[in-house]
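[1] From the sequence below, what's the structure:
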Amino acid sequence: QVQLQESGPGLVIPSQTLSLTCTVSGEAITTDFYYWSWVRQPPGKGLEWMGAIDYHGNTYYSPSLKSRTSISRDTSENQFTLQLSSATPEETAVYYCVRSFQLIYMDYWGKGTQVTVSS
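    Coordinates of the predicted model:
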């Protein structure tokens, strides 16, 4: 059974960097063809894909967030991380980490973690 668990601060000061970690169990993040994404959902709005890291460690970002987003991984811990710089209050959202098959379909989701950007 694949499980993903998000962790990180629940409160971020505006203009600071939002950092989250996803710990994966039940599947190595280096397993062929799987991509590991970050997706967020602001209150009252739809899901937004932010970016992903693949099994080789290559990264992919939403064009609208590319300049401020960094996704990395620690294969020894089977974790991948999100860093979003210059966070704004509008980026208050539930953040999810997700597994997908070649970005085609997303099959396993973490429970999500609430991040509030506020002073």
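
[2] ok so Cys97 is a strand residue?
    Yes: the assignment for Cys97 is a strand, going by DSSP: H, G, I helix; E, B strand; the rest coil.

[3] residues in contact with it?
    Taking C-beta atoms under 8 Å, 6 or more residues apart in numbering, we find Cys97 in contact with 4-6, 20, 22, 24, 36-39, 80, 82, 109-110. Any C-beta I mention is one placed from the backbone N, CA and C, and that applies to glycine too.

[4] Select the helix or strand of this structure having the lowest average pLDDT value.
    Ranked by mean pLDDT, DSSP states H and E, the weakest helix or strand in the chain is strand 105-109, scoring a mean of 95.

[5] What pairs with it, parallel or antiparallel?
    Here strand 105-109 is paired, per DSSP bridges, with strand 93-101 (antiparallel).

[6] Would you mind writing the CA trace of the strand it pairs with as CSV?
    Provided in CSV are the C-alpha atoms of strand 93-101 (Å, rounded to 0.1, in the frame of the first residue of the first chain):
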residue,chain,number,x,y,z
ALA,A,93,-4.3,26.4,0.7
VAL,A,94,-4.3,22.8,1.5
TYR,A,95,-1.2,21.3,0.0
TYR,A,96,-1.1,17.7,-1.2
CYS,A,97,1.6,15.4,-2.4
VAL,A,98,0.6,13.0,-5.1
ARG,A,99,1.9,10.0,-7.0
SER,A,100,1.2,9.7,-10.7
PHE,A,101,2.0,7.5,-13.5
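
[7] Run the chain-centre distance for that strand.
    When C-alpha coordinates are averaged (C-alpha atoms, centre = their mean, to the nearest Å), strand 93-101 and its chain have centres 6 Å apart.

[8] Renumber starting at 12 from here on
    Done: numbering now begins at 12, and the last item shifts to strand 104-112.

[9] Of the contacts of Cys108, select the buried ones using a ChimeraX command.
    Buried subset of these, written as a ChimeraX selection, criterion 16 or more other C-beta atoms under 10 Å:
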select :15,17,31,33,35,47,48,49,50,91,93,120,121
